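# Need coordinates for the below:
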Amino acid sequence: MNPLKRLAGQTAIYGLSSIVGRLLNYLLVPMYTRVFLTNEFGVITEMYSYVAFLIVILTYGMETAYFRFNENHKGTDTPIFSTVLFSILSTTTLFLIVGLIFKQPIAELLRYPDNPEYIVWFSIIIAMDAISAIPFARLRAENKAVRFASLKFINIGVNIGLNLFFILLCPWVIKTQSGSLAQFFEAIYDPRIGVGYVFISNLVASGLTLVLLAPQMFRIKPTFSFPLWKQMLVYALPLLVAGLAGIINETMDKLLLKFILPEDIAMSQVGIYGACYKISIMMTIFIQAFRFAAEPFFFAESRKENAANLYSDVMNYFIIACSLIFVGIMLYIDVVKLFVGEEFREGLPVVPILLLANLFLGVFFNLSIWYKLSGQTRFGAYLAVIGALITIVLNVWWIPLIGYMGSAWATLICYFSMMVLSWYWGQKHYPIPYQHKKGIAFIVGAVGIYLISEIMPDMVSGYRLLVNSGLLVVYVLFIAWIERDVVKKIVRRIL
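From the prediction side, this is the model:
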């Protein structure tokens, strides 16, 4: 099969679980932003920022190391999977013990002295998700995309089902029903827990996923190769630094907002920013789905003659897809904004900035293949550390001046800088003939279409949607004109 078609197919399957899952979780946002206050949603935003940060620490680059070493040792008896799994199990167990023992001091440090249970719940969630990451990586390496997606769907379904049960059904039954039914729900539901039910739902879903992955983990020889482990750590630790710095770029803005802004408005601002951040989720979904499929794909294709040209084509189509997502969301923002509660919509100006920032991040992920394939993973660490420094400095500087708008602009500048630097170093160490002019044209064209829609005079929403639909058609024709040779080939095949 054509490698690009295979990548597209796997992206679609991985994307199905990511896209549908994220969309279903996204559908919880209207509920959260209507049931919870802005400061309560801020708690959810903050706690999941810590989750993202700690998952990177607890997997410490071993997923990518597994792909690299698994590809290099195909057909051998080298205990790659068991070595990685035992390594992650050991460090995760230590983390869990520390979290459970020091739950109260940690809760006080995070300004939740009355909620040490948050620390317990999240310690367990993070531990289970970190362990699950390795068998999930094995499914990706073995191209078992359907099983991967099925397990993700189960996790998502349980999580969403429990959210709806605790946040909507239980209060409704207690309020509207009487007798034994109401008594039963009163016995299992405590309104004082509030946002905690979001975390409990996650806890149950993560536990079930780990149980379903258990057979795959236990059907291995309990072998640990210390020499192999040392080699993998040498490869993985720079990726840990890169991942850690990268997650700082993704999450530090929400955490700094809490600790820099005045305490009486901080959590409310975190909640508003976090809710509007969710609107850029379509770009994030596509990038995540692409990464799941692309990382093992890039390694598998690396030894082939036309690999560099293939990577160039992948980048080109990736930018087209991301640019279309940007244009689609911004031209229909009047519809998209309805997914967040009205009191959260003051944060909408961050959406185009964050969408463009995520586009640059996606391009950076594509570019990063050069240092992974060449084994120069230290450059990934350099790039991510530079990005993290930009994120921290600009957030500390701008949050006191312009609040969460400063966080959004800091994210954009951070990802743009990382993208440009990665391209520059990549062309020196692992040249790939990227189609730069096309890529720039697609991005500039997308921003141009958005700006045209913004400067148009006010009109009835129905007319605006009609005009914006016309602008979307114009942008699609613009892409078709640039890619006219490809379009001609497609037309010839159809005819």
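
# any low-confidence regions in this structure?
Along the chain, segments meeting pLDDT under 70 span 1-25, 73-78, 292, 459-461, 495.

# and it, what are its domains?
Split into domains by the TED database, the chain comes to 1-224, 262-494.

# I'd like these as TSV, with distance to Leu237 and mean neighbour count appended.
Any C-beta I mention is one placed from the backbone N, CA and C, and that applies to glycine too. Shown next, in TSV, are the domains of the chain (distance: least, C-beta to C-beta, whole Å; neighbours: other C-beta atoms under 10 Å):
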stretch	distance to Leu237	mean neighbour count
domain 1-224	6	17
domain 262-494	8	18
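
# From Ala300, how far off is Asn395?
39 Å (C-beta to C-beta, to the nearest Å).

# wait, which of the domains of the chain is closest to Tyr235?
Tyr235 sits nearest to domain 1-224 of all the domains of the chain, at 5.0 Å, using C-beta to C-beta.

# Please enumerate the helices of the stretch 101-250 of the chain.
Remark: helices assigned in the stretch 101-250 of the chain by DSSP state H, counting those that start in this stretch are 103-109, 116-141, 145-164, 170-176, 179-188, 196-218, 226-260.

# what distance separates the second one from the middle of the whole chain?
In other words, helix 116-141. Counting by C-alpha atoms, centre = their mean, to the nearest Å, helix 116-141 is centred 15 Å from the centre of its parent chain.

# Show me what it is packed up against.
Helix 116-141 is packed against helix 38-59, helix 62-72, helix 80-101, helix 103-109, helix 145-164, helix 196-218, helix 281-301, with contacts defined by 3 or more C-beta pairs under 8 Å, 6 or more residues apart in numbering; DSSP states H and E.

# Only alpha carbons, please: show the fifth one as CSV.
Extracted C-alpha coordinates of helix 145-164, given in CSV (Å, rounded to 0.1, in the frame of the first residue of the first chain):
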residue,chain,number,x,y,z
ALA,A,145,-5.0,0.7,15.7
VAL,A,146,-8.5,-0.8,16.0
ARG,A,147,-7.8,-2.3,19.5
PHE,A,148,-6.1,0.9,20.5
ALA,A,149,-9.2,2.9,19.5
SER,A,150,-11.6,0.4,21.1
LEU,A,151,-9.9,0.7,24.5
LYS,A,152,-9.8,4.5,24.2
PHE,A,153,-13.5,4.5,23.4
ILE,A,154,-14.2,2.4,26.5
ASN,A,155,-12.3,4.8,28.7
ILE,A,156,-14.0,7.8,27.2
GLY,A,157,-17.5,6.2,27.4
VAL,A,158,-17.1,5.3,31.1
ASN,A,159,-15.7,8.7,31.9
ILE,A,160,-18.5,10.6,30.2
GLY,A,161,-21.2,8.3,31.5
LEU,A,162,-20.1,8.8,35.1
ASN,A,163,-19.8,12.6,34.6
LEU,A,164,-23.4,12.7,33.3
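
# so what does it touch, helix or strand wise?
The contact analysis (3+ C-beta pairs under 8 Å, 6+ apart) places helix 145-164 against helix 3-26, helix 28-35, helix 116-141, helix 196-218.

# can you tell which of the ones you listed is closest to Gln376?
Gln376 sits nearest to helix 116-141 of all the helices and strands packed on helix 145-164, at 21.7 Å, using C-beta to C-beta.

# Compute the inter-axis angle for that closest one and helix 145-164.
Inter-element angle recorded for helix 116-141 and helix 145-164: 160 degrees (by axes from the mean of the first three to the mean of the last three C-alpha atoms, to 10 degrees).

# May I see the buried residues of stretch 234-245?
235-245 (16 or more other C-beta atoms under 10 Å).

# Run through who's touching it.
53, 56-57, 59-62, 64-65, 68-69, 375, 377-378, 380-381, 383-385, 387-388 (C-beta atoms under 8 Å, 6 or more residues apart in numbering).
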